[in-house]
Structure formats: C-alpha cells, structure tokens
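[1] Provide a 3D model corresponding to the input given below.
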Amino acid sequence: MIAIDRFVNRTFLTLFLYSSVFCLAGMLATIQNEEQTVIEKKIEIQKASMQIHIATAWNLYQQGGFASLQHWLIETEKEYPNRFYLFDAEKKDLLKRTPPIDIDELWPLLQTQQVFIEPLDKNGIIMGQKLVSADKPPFFLAGLLFSQYTPSFWERRNSFFWKSIVGCLILSTLFSALIAWYLNATLNQLKEFTRQLIEGDLSSRPPKWLQKRKDDTGEVARDFDRLAHQLQESYEAQQSLLKEISRELRSPLARMQVAVELAQQQADHTIARALTRIEFEGKRLGSLIDQLLKIPEISGVHRQPLKEKLDLLQVIDQTIEEANFAAHQHSIKIEIITPLKKATVSTRNNLLKNALTHIIQNALEHTPKQSTITVSLQEEKASNYQTFYVLRVKDEGQGVPERYLSQIFTSFFRVDDSRNQGNHTGLGLAIAKSAIEQHGGSIFAENTKPGLMITMRIPATAASNMEKINLQ
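    Prediction:
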C-alpha cells in the first residue's frame, strides 16, 4: 500500500515538473519572439526617421543654402546627439565633432548623391547622401544608428513576467494534482479491494465502474474480479468437501462408539481394556474432525470487520467460568490479576473468547494437579500513543523446549515430549494466533520455569485511543 502512495507522489511530481517546464518554455519562447519583433519594428521606425531627416537636410540645402543646413544640424544635434554628421570637402565636421568611425572608411560611401544604407561592423547601420546644389560647395551628410545597449533577459523582466511565471506554476500544480488525484482514486479502489481480499472477504469485488473502463486499468480490474471469483468458488468447494468428509466420518464413528459401549458391558477385563483404548482413539478421532472444521478460522478466510465493542474483562470472566468445571476436576485453580476496571476492544462474534478458551485449555492440559493458572491483564501504551491490552496466561507445567517456542502456534504442530500427552491435535494455539492477528495484535510464548506463559497484545478500540490522546 505504501508503494502505491509513493507511485502517486512520484506521478504528481513528474507531471508537475514536465508541465512546468513545457509551460515555462512556451511562455519564454513567446516573450522572446515578441521582444525580437518589437526591436525590429523599432529599428525600422528609426531608419525611416533618419531617411526623413536626410530628405529634410537635402531640401533645406537646396532652398536655403548653407545657413539653413547649419541651423538644421544644430537643432537636430539637440534632439539626436551624435546622430548626424555633416562633412565638408576636407572631411571636417561642421560642428567640429569627431565621428565614432574612421572618416576615411566612410568617405567612399558619401560620394553618391543617392541615399544609401549600409551595415556598420554588425554594430549598427550607416545612412547618408552627398548634398549638392548649383553654385554651392558640396557637403556630405552621414547618419549613424548604432545598436543601443540591450539589457539582459532578466533585466528586461517586469512584474507581468513574474505574474505569468506564478500563474504558469499554479496551472501546472492544478493540472498535476488533478491527474494524480484521478490516478490515486483509481488505485485506492484497487487497494481497498485487495485489502478486503487479504482479510478473507472473498465476496469483495472491484467497483463496476472500474471494470467498465476500456483502458489497462479496467482490464486489471476485470482480471482481479475473475481472480476473486475463482478463489471464492475454490474455497466454497473446499469447504463443502471438508464438511462432506466430516459428515461421512462422523456417522460410522458414532456407530462404532455405541458398539464399544455395548461391548464393554459384556466383556471381561482384558477385552474391556482394549475397548477402552478403542473408545479413546474414537474420541480422539472425533476431536480431530471438530478441529478440522475450524481450519477456516486459522486461514482467516471470510474475515468480517471488527464492529462489536466488548469489555475484555467480561470475556475473560466468562472463559474462566466455563474452564473452571474442568479445572476443579484436577484441583487446578484459575485466578485473574488486573488493575483495570474496563478494557474495551473491537471484535466480532466469539473470536476473542474462542482464542482465550484454546489457550486456557492448553494450560489445563499441561499444568499439574493442585497448581494454579494465572491470567493477568494490563494496559500498555506504544510509542505512537496507541493503547494495547496485554493479556498473559501462565501455567505451572514443564514448559516447552526453547527451540519449539516459535513453532507451537503452527497448525498441527505437536511437541514430542510430555506436553504431547492428551487428546489434542495441535490446532488450538494456531486458532488463537489467527484470532489475535485478526485483531491487529500479536502473540508469543516464553518459558517461566516452571511453566509456560503465553502473552497476547490486543489493540484497544480506535475511539478509546483517541480519548486517551486528547487527555494527554
């Protein structure tokens, strides 16, 4: 499940980065093109303005002579400093200025009476014309248009640019969040389905709307639906077969037990001992059949939500009260030790009661006569503020070899020592372990010398946990 959340987060970040890059790249390219267009238009306007000024100078020289031309040059210099230069035949500027370019290189261009435009060392343009008039000395007019300083890209950015950047990032975030939410909603549906399937609810199915989709996700959902359907059919067939086998075994077994009882009434001592052994094995076989029917409890298939709220102290009291009948027959005392007044847990049916019954029954089988079985209950808080109830059942038997402590909760496992005496099949502790794990808890065993102690950690209800956190 964590992997799915990481996948969604990575998807969001990837979409955000790609959409942001594409959005910014498109916006910057557009701005750059617009700026280039503006610059080109500005140059064209300046060139047209220079042509107008040159034409004006030509007309003034034709009509007013040198005085009018000189006046025009002085006024133009005020408006456009160092833009226009007027040379006489000796290559001297009338305002005694030094041009920014070599006059010798410029001079051949100024010998034409037509307006010319030439590039100037890739730094600008030069435009000019030779001014001639009857009975007047020629003058040479040159207009220089240098490329002005162009600020850097970041220096040209204004508030609109930064607003556009922010807007672009917001749009990218919304787009990425929408796609990630869509993917997350779909994956959450599949995650919920698989969680229910893992918990044993084989009737769970992916949503119909998800199965109707035409993409790969819909195909996966339909495959999951077929898988769940096949698992349910297989499990139901297995259960049906198990029940049929159990039913077929019970009938001859019951008849055999009746026959043994009748034979015992008429048999001598030797035959009676053999019949007693047959009766014992028959009861053992009947117990095995009962345990086999409880295998689904171990597998956890068809688990239901833990919706019931029960007081764990009441469950313990009821279980001990039922176990006391067998305990008194062997002079065994069962006592409970707890400082708690109430311990509310979430459960269903008799799941916890069955688990505790199996554990106490295991203790009764392996503790000696005239001894004590101690049941204790305490409250424990984890580092994440979650509350657990720690339930311990301790007997005074011989214990279990250390190497087998982790295996006694395995189905059909039986320790090959004195604890193996009696009419049991090795399913009780496995059923108890499955029940505790279905509550989100844990169970383990340890030797206490003398005896064996089984410890269960059972989570408290969610509501109870929240109340405790708020109090802190």
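
[2] partners of the strand or helix carrying M456, with directions?
    According to DSSP states H and E, M456 maps onto strand 452-459. As defined by DSSP bridges, the strand partners of strand 452-459 come to strand 387-394 (antiparallel), strand 442-447 (antiparallel).

[3] Give me the phi and psi for the nearest residue to K342 once chain neighbours are set aside.
    Ranked by C-beta to C-beta, 6 or more residues apart in numbering and with sequence neighbours excluded, the top spatial neighbour of K342 is D311, at 5.7 Å. Every residue, glycine included, has its C-beta placed from N, CA and C. Dihedral angles of D311 (phi, psi; degrees, to the nearest 10) stand at phi -90, psi 120.

[4] Pull out the buried positions in the strand holding M456.
    Neighbour-count burial for strand 452-459, counted by 16 or more other C-beta atoms under 10 Å, picks out L452, M453, I454, M456, R457, I458, P459.

[5] wait, which of those is closest to Q46?
    Closest approach to Q46 among the buried residues of strand 452-459 (C-beta to C-beta): P459, at 81.4 Å.

[6] Could you give the number of residues near the nearest residue to A382 once chain neighbours are set aside?
    Take A382 and drop its neighbours on the chain: the residue closest to it by C-beta to C-beta, 6+ apart is F388, 6.3 Å away. Using other C-beta atoms under 10 Å, F388 has 20 neighbouring residues.

[7] if we can go back for a sec, for the buried residues of strand 452-459, which two are the farthest from each other?
    The span of the buried residues of strand 452-459, defined through C-beta to C-beta, is set by L452 and P459 at 24.2 Å.

[8] what's A445 in contact with, if anything?
    Applying C-beta atoms under 8 Å, 6 or more residues apart in numbering to A445 gives the contacts V400, L405, I408, F409, L452, M453, I454, T455.

[9] same deal with V393?
    When contacts are counted by C-beta under 8 Å, 6+ apart, V393 is found next to L356, I359, I360, A363, I373, T374, V375, M453, I454.

[10] Flag the shaky bits of the stretch 251-400 of the chain, pLDDT-wise.
    251, 264, 266-270, 272-275, 277, 280-281, 284, 287-305 (pLDDT under 70).

[11] what about L94, distance to H53?
    15 Å (C-beta to C-beta, to the nearest Å).

[12] what about the two, which has more around it?
    The residue with more neighbours, out of L94 and H53, is H53; 19 against 15, by other C-beta under 10 Å.

[13] name the element that one belongs to?
    Using DSSP H and E, H53 falls within helix 2-79.

[14] Which helix or strand lies directly C-terminal to that helix?
    Later in the chain than helix 2-79, the nearest helix or strand by DSSP H and E is strand 84-87.

[15] What mean pLDDT does the next helix or strand after that following strand get?
    Following strand 84-87 in sequence order, the next helix or strand is helix 103-106 (DSSP H and E). Mean pLDDT, helix 103-106: 78.

[16] Would you mind listing the outside residues contacting the helix or strand that helix 103-106 is followed by?
    Downstream of helix 103-106, the first helix or strand assigned by DSSP H and E is strand 116-119. Identification of contacts with strand 116-119 by C-beta under 8 Å, 6+ apart yields K47, L109, I125, I126, M127, G128, Q129.

[17] Mind doing that once more with 7 Å?
    L109, I125, I126, M127, G128 (C-beta atoms under 7 Å, 6 or more residues apart in numbering).

[18] before we move on, what about stretch 47-59?
    When contacts are defined by C-beta under 7 Å, 6+ apart, stretch 47-59 is touched by residues L69, W72, T76, F84, V115, M127, Q129, L131, L141, G143, L145.

[19] starting at the chain centroid, how far to that stretch?
    71 Å (C-alpha atoms, centre = their mean, to the nearest Å).

[20] buried ones in it?
    Under the neighbour-count criterion of 16+ other C-beta under 10 Å, stretch 47-59 has M50, H53, I54, A57, W58 buried.

[21] cool, stretch 124-141 as well?
    Along stretch 124-141, these residues count as buried under the neighbour rule (16+ other C-beta under 10 Å): I125, I126, M127, G128, Q129, K130, L131, S133, F139, F140, L141.

[22] ok, now stretch 189-203?
    Applying a neighbour-count criterion of 16+ other C-beta under 10 Å, one finds Q189, L190, F193, T194, Q196, L197, G200, D201, L202 buried in stretch 189-203.

[23] returning to what we had before: verify the contact between the residue nearest to K342 and S346 for me.
    No: D311 is beyond contact range of S346, at 11.7 Å (criterion: C-beta atoms under 7 Å).

[24] Compare those two and say which is more crowded by neighbours.
    Applying other C-beta under 10 Å to D311 and S346 shows that S346 carries more neighbours, namely 20 against 14.

[25] Now name the helix or strand holding that one.
    strand 344-347.

[26] now the strands: where do they sit in the stretch 101-250 of the chain?
    Here the stretch 101-250 of the chain has its strands, by DSSP state E, counting those that start in this stretch, at 116-119, 124-133, 136-146.

[27] how about those in a markdown table, adding mean pLDDT and distance to A430?
    What follows is these, written out as a markdown table (pLDDT from 0 to 100; distance: least, C-beta to C-beta, whole Å):
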| stretch | mean pLDDT | distance to A430 |
| --- | --- | --- |
| strand 116-119 | 72 | 94 |
| strand 124-133 | 76 | 93 |
| strand 136-146 | 76 | 94 |
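
[28] would you turn these into a markdown table with distance to Q232?
    Converted to a markdown table, these look like this (distance: least, C-beta to C-beta, whole Å):
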| stretch | distance to Q232 |
| --- | --- |
| strand 116-119 | 84 |
| strand 124-133 | 85 |
| strand 136-146 | 86 |
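
[29] do you know which of these lies nearest D223?
    Relative to D223, the nearest member of the strands of the stretch 101-250 of the chain by C-beta to C-beta is strand 116-119, separated by 70.5 Å.

[30] quick one: strands adjacent to the closest one?
    In the sheet, strand 116-119 lines up with strand 124-133 (antiparallel) (DSSP bridges).

[31] Give me the residues contacting the strand it pairs with.
    Outside strand 124-133, the residues that reach it (C-beta under 7 Å, 6+ apart) are 50-51, 54, 57-58, 61-62, 106, 109-120, 138-147.

[32] ok, now with 6 Å
    Strand 124-133 has contacts (C-beta atoms under 6 Å, 6 or more residues apart in numbering) with 50, 54, 58, 61-62, 110, 113, 115, 117-120, 138-147.

[33] With stretch 326-344 instead?
    309, 311-313, 320, 364, 369-377, 389, 461, 464.

[34] Give me the distance between the residue nearest to A382 and I359.
    Look at F388 and I359: by C-beta to C-beta, they are 17 Å apart.

[35] In the buried residues of stretch 189-203, find the pair that's most separated.
    Spatially, the most separated pair among the buried residues of stretch 189-203 is Q189 and G200, at 19.2 Å (C-beta to C-beta).

[36] what about the helices in the stretch 201-350 of the chain?
    For the stretch 201-350 of the chain, the helices defined by DSSP state H, counting those that start in this stretch cover 208-211, 216-266, 269-292, 295-299, 312-329.
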